[in-house]
Structure formats: structure tokens, C-alpha cells
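*Asks:* Below: sequence and its predicted model.
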Amino acid sequence: MERKNIAILGSTGSIGTQTLDVVRAFPDRFNVSVLTAGNNVELLIEQALVFLPKIVVVVNEAHYPKLKEALKETSILVLAGQEALIQAVELDEIDIVLNAIVGFAGLKSTVRAIQKGKDIALANKETLVVAGELVMGLVKQHNVKMLPVDSEHSAIFQCLVGEPSPIEKIYLTASGGPFRGRTREELLTVTRDQALKHPNWSMGAKITIDSASLMNKGLEVIEAKWLFDLTVDQIDVIVHPQSIIHSIVQFQDGSMKAQMGLPDMKLPIQYALTYPQRFQNDFKRFNFLDYPSLSFEKADMDTFRNLKLAYQALAEGGNRCCVLNAANEVAVDAFLNNDISFLGMSAVIEETLCHINNGDNLGLDDYIAIDEESRRVARQLIYKKVVN
Ligand code: NAD
Ligand code: MG
């Protein structure tokens, strides 16, 4: 059997390393063609020496000499910089690009990969949050597959296999994060370290903070709209603290399908890489008796305002989700640096949205410009202590 050639963007991160775990479990099915990282050159070197890809890219050019030196005995093409990251996905042999970069930084490579006819396994949800309409248009135009890695979207995708009939609505499940059940008053004083302790998942810092603020679910609502071509009203969020049901589709006859399993990202990663097949693996199995009760709660959008802001941005359309995403990335960074409070993050996003006019008919360059402008505004708000 031919092996599937994979480009893994962001291979040193939480999703990237788990993707390599999946690849390692099926050495005769998968081959790594490209590995890329932002900064973590040590781990990138280690990975490159094990998986021997054709191309390795480190985005931070300062790390180039070290990477080049460490791989000099191999035939790997060693590159550095933003443009190299985007060009690497053009390599002929690549069948599928798994994008596990965090943030807006992943958008351009997704777009280039689609234009080159590559299938996409998408963890980088910000790609669809910022430019969902544009990206899904390209997916159609170039007739490639867009396979979700995000567990909720993988769940919906799996529930839809073999279903020709339309969706009535979907329920995205949310763990509720470490601050589930807290009041706004109680959230005034929560710290960065408390926010970084997620109850069910071990993930990169940005998405962990997004999970604590429920912005992650907001981004996922937007991601779902574009992946499954839904209206805002068709997308509901339900808090499910055990993270066993990964999401639910309700059909027009009232029947519902849910996809479940242990909270382990290797499952949706593997499915995105093997779709439409399922490969036998030895990952840990779910045991009902370990979870005698699965529970559900309403999402508290007044306390966790980011979720409401995301719904509003999606309903308004135009550039709103791009602005929301950029302001959120700046706000999360600032919170991680202890420059603003937990609730200050929502204030930064809301204020930034107010400062930037909406617009439509947007192409890739427009999104890049709006992203830059939104970041500038958000940073100013923080720097001038308009919000804190
Ligand atoms: P992470 O921070 O652990 O890893 C990010 C990766 O991207 C690293 O390899 C890093 O080197 C690279 N990177 C960072 N900035 C970059 C830049 N400017 N240019 C190029 N590369 C850059 O993040 P993660 O938790 O693995 O998340 C990756 C993406 O997957 C995010 O969009 C996240 O929302 C999504 N996701 C993650 C999980 C999870 O369980 N971790 C689950 C669902 C979705
Ligand atoms: Mg998710």
C-alpha cells in the first residue's frame, strides 16, 4: 500500500507532537514530508532526525544556523522564515497538510496548500474564524478535502458520514474549562496560572486560555458555521464537563447522533488522516463505569462574554470575526504576560471591534490588513491602559 505523505505544520506543538505519535503508530501507512516549527528548534531537530522529512522549516530565522548544522549529515532541505513556511506546502509529494499552527499565522499556508490541490487536516481553527468564507470557497474551487481535527468538528463530521439529509442543528459540547460555574465577581481575581490548568485536556497555552474564557467555543461556533455551511441559529453550545460526548448533530426528524470517546486528540487526528477509513489502534478505550454520569449545563454567556462576542461577530459577518480573532490573540498574549486581567480580555476584544469599521467583499490581502490593524488597536488599548 502507498504511504500517505503528510506535511505537519507546527509539529512541535501539542497537536503537532500528537500527530507524530499517530504517524509513529502506523509506519507503513504514513510518511512525513515536511515538518515546521515557530521557535522550538531543539525539538524540531529531534523530530527531523527521527522522521527524515524532505523539508524542515523554522519560522524564526535566528534558529536557522543551529538547525542547518544539526541536520548537515542528512539530505533534508533546511529552510527558515515566513515565506518558506508557506512554500513548503507546495512540495509535489504531499498528499495532506495537517495544519497545527496556532493563530492567524496559519492562514496563509492553509490557503497556499488548498491552491496547490492538497487535502487539509485542520487543527488551526483560526484559519476558518478569520477567513472561513474565502477558505471554503477555495476548497470547493480546488476540489480538496477539508478534514476537521478539532474534536467537536471531527465529531460532527463523523456523525454526518452516510447522511444525505440536511442538518437541523448541531450542539457543540464545551467542558466549561477551569472556571465553570464562577461568577463575574469571582473571575475578577483569577490568575494566569489558574487559567492554564484545564480539567480535561493538555493543550498549547493560547487554546488553554481560550478554553478558560470560552472564546475557544466561540471560535468553534464560527469554525462550525463554515465547515458545515450552517446558519448561526443552527449552532448551539452545551456545557458537558466530562468531555466524553464530543458533539451532537440533530436531524430534521428529531433524531440525534453524538460521537463519543475519551478526551484524546489522537482520535480526531487519526480520523482526519485515515478518512474515510478507520485504522485499528491500541489507544486507551472508554469505560462507561468510569463515567457513571454524563451531565449537561447551559453555557453562561453573560459571565463568559467572549462566547457572546463570537456569536455576535458571526451574526454581523464581514470583517468582524477577523477583528475578534486578532484582538483575542493580542488579549491572550497580554493576559499570559500579566499585562491585563482575565476579564480584561473581553474588554480588549469589545473595544477593538468598536474601533474598526466593518467591511465586506474581502480577499486574503484584506484579511491580512484587517488583522494587522486590529492588533495595532488592541495593543494600543492595552498599552494606554484603556482596558486592564
Ligand atoms: P501549541 O502552542 O502547542 O503549538 C503551536 C505550534 O505552532 C508549534 O509547533 C509552534 O512552533 C508553531 N507556531 C507558533 N507560532 C507560529 C508562527 N507565528 N508561525 C509558524 N508556526 C508557529 O498549540 P496547539 O495546542 O498544538 O494548537 C495548535 C492549533 O490547534 C490551534 O489553532 C488550536 O486552537 C488547535 N487545537 C488544539 C487542540 C489541542 O488539544 N491542543 C485541540 C483542538 C484544536
Ligand atoms: Mg475543540
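*Replies:* Happy to help now that I have it. Numbering: from 1, shown residues only. Ligands and ions are numbered 1, 2, ... in the order given.
*Asks:* give the contact list for Ser14.
*Replies:* 100, 202-204, 207, 265 (C-beta atoms under 8 Å, 6 or more residues apart in numbering). Every residue, glycine included, has its C-beta placed from N, CA and C.
*Asks:* can you rerun that using 7 Å?
*Replies:* 202-204 (C-beta atoms under 7 Å, 6 or more residues apart in numbering).
*Asks:* for ligand 1, what are the nearby residues on this structure?
*Replies:* 10-16, 37-40, 59, 85, 100-102, 105, 123-126, 150, 201, 203-204, 207, 265 (C-beta under 6 Å from any ligand atom).
*Asks:* among these, which are in strands?
*Replies:* Secondary structure from DSSP state E places Ala37 of these in strands.
*Asks:* tell me the strands in the stretch 201-350 of the chain, going along the chain?
*Replies:* Under the criterion DSSP state E, counting those that start in this stretch, the stretch 201-350 of the chain contains strands at 235-239, 245-251, 256-260, 297-298.
*Asks:* Ok, which of the ones you listed comes nearest Ile76?
*Replies:* With C-beta to C-beta as the measure, strand 245-251 is the member of these nearest Ile76 (36.2 Å).
*Asks:* Neighbouring strands of that closest one in the sheet, and parallel or not?
*Replies:* According to DSSP bridges, strand 245-251 forms sheet pairs with strand 167-174 (antiparallel), strand 256-260 (antiparallel).
*Asks:* Mind checking those for the one nearest to Val50?
*Replies:* Checked against C-beta to C-beta, the stretch from those lying closest is strand 256-260, at 31.7 Å.
*Asks:* So what touches stretch 125-142?
*Replies:* So stretch 125-142 is contacted by 99, 103-104, 106-107, 110-111, 114-115, 117, 146, 150, 219-220, 222-223, 225-227, 321-322, 325, 363-364, 367, 371 (C-beta under 7 Å, 6+ apart).
*Asks:* Of those residues, just the buried ones, ChimeraX syntax please.
*Replies:* To isolate the buried members of those in ChimeraX, using 16 or more other C-beta atoms under 10 Å:
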select :99,103,104,106,107,110,111,114,146,150,219,220,222,223,225,226,227,321,322,325,364,367,371
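*Asks:* Among the contacts of stretch 125-142, which are located in helices?
*Replies:* Counting by DSSP state H, the part of those found in helices is 107, 110-111, 114-115, 219-220, 222-223, 225-227, 321-322, 325, 364, 367, 371.
*Asks:* how long is stretch 65-74 end to end?
*Replies:* Length of stretch 65-74, first residue to last, C-alpha to C-alpha, to the nearest Å: 15 Å.
*Asks:* Now it: buried residues?
*Replies:* 67, 70-71.
*Asks:* export the residues you listed to a markdown table and tack on pLDDT and secondary structure?
*Replies:* Converted to a markdown table, those look like this (pLDDT from 0 to 100; DSSP: H, G, I helix; E, B strand; the rest coil):
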| residue | pLDDT | secondary structure |
| --- | --- | --- |
| Leu67 | 98 | helix |
| Ala70 | 98 | helix |
| Leu71 | 98 | coil |
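*Asks:* Cross-check the contacts of stretch 125-142 against ligand 2 and keep the overlap.
*Replies:* Counting by C-beta under 5 Å from the ion, Asp150 from these sit close to ligand 2.
*Asks:* Get me the contact residues on the stretch 151-300 of the chain for ligand 2.
*Replies:* Counting by C-beta under 5 Å from the ion, the stretch 151-300 of the chain sits next to ligand 2 at 151-152.
*Asks:* how far away is the residue of the stretch 201-350 of the chain found nearest ligand 1 from ligand 2?
*Replies:* Taking C-beta to the nearest ligand atom as the measure, the stretch 201-350 of the chain has Gly204 as its residue closest to ligand 1, at 2.6 Å. Going from Gly204 to ligand 2 by C-beta to the ion, to the nearest Å gives 12 Å.
*Asks:* Contact partners for the closest residue to ligand 2 within the stretch 51-200 of the chain?
*Replies:* Minimum separation of the stretch 51-200 of the chain from ligand 2 (C-beta to the ion) falls at Asp150, amounting to 4.2 Å. Residues in contact with Asp150 (C-beta under 7 Å, 6+ apart) are 123, 125, 220, 223.
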